[in-house]
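Visitor: coordinates for the following, if possible.
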Amino acid sequence: MNTLLLDQTTWDLCLDASGNIAMASDPYSISQDVASAVRTFQGECWFNTADGVPYFSEVLGQSPPLQLLQSLIEQAALTVNEVVKASATITSFVGRTIKGTIQVTTSSGITLPVSF
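Guide: Here you go, the predicted model:
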């Protein structure tokens, strides 16, 4: 599965050597799509407002238990095609910034680490 390649620093589109919009392929495309799913606020995608993590309603200003937050992140990761298992670990939750990793397993049995 291909996806548009995003710059890891700015999370914006990249160009390839020919000046075209760069594409990412498996397994990197799966990792990037998982990271995008976790970064998406529920309601942000106008074509499917159910996508994303309910940061506004269940996280920001709420002080949720870390297990709930991990579960919400894992659920978002599981919405990515080919992801069959996700296990999130939160390493930091300070103010409005959440950092951690997700170990995702694809339908082909590959395990990928994804940072967020």
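Visitor: next one: phi and psi at the nearest residue to I21 once chain neighbours are set aside?
Guide: Closest residue to I21 apart from its sequence neighbours, by CB to CB, 6 or more residues apart in numbering: L13 at 5.7 Å. Where you see a C-beta, it was placed from the backbone N, CA and C, and this is true even at glycine. Phi and psi for L13, reported as degrees, to the nearest 10, are phi -60, psi 150.
Visitor: let me know whether L13 touches N20 as I believe.
Guide: No. In this structure, L13 is not within contact of N20 by CB atoms under 8 Å, at 10.5 Å.
Visitor: between the two, which has more neighbouring residues?
Guide: The residue with more neighbours, out of L13 and N20, is L13; 11 against 8, by other CB atoms under 10 Å.
Visitor: and the residue nearest to I21, what are its bridge partners?
Guide: L13 has these beta-bridge partners by DSSP bridges: L6.
Visitor: tell me who's in contact with T49.
Guide: By CB atoms under 8 Å, 6 or more residues apart in numbering, the residues touching T49 are 42-43.
Visitor: also L78?
Guide: Residues in contact with L78 (CB under 8 Å, 6+ apart) are 84-86.
Visitor: buried stuff in whatever helix or strand Q75 lives in?
Guide: Following DSSP states H and E, one finds Q75 within helix 66-77. Residues 69-70, 72-74, 76-77 are the ones in helix 66-77 that count as buried (16 or more other CB atoms under 10 Å).
Visitor: one more: stretch 106-116?
Guide: For stretch 106-116, burial by neighbour count (16+ other CB under 10 Å) applies to 106, 112, 114, 116.
Visitor: just the closest of these to E58, please.
Guide: Nearest to E58 among the buried residues of stretch 106-116: F116, at 16.7 Å, using CB to CB.
Visitor: how about the closest one: what's its closest non-neighbour residue?
Guide: F116 sits nearest to V38 (CB to CB, 6+ apart), 4.7 Å away.
Visitor: surely that neighbour meets V104?
Guide: No. Look at V38 against V104 with CB under 8 Å: they stay out of range, at 10.5 Å.
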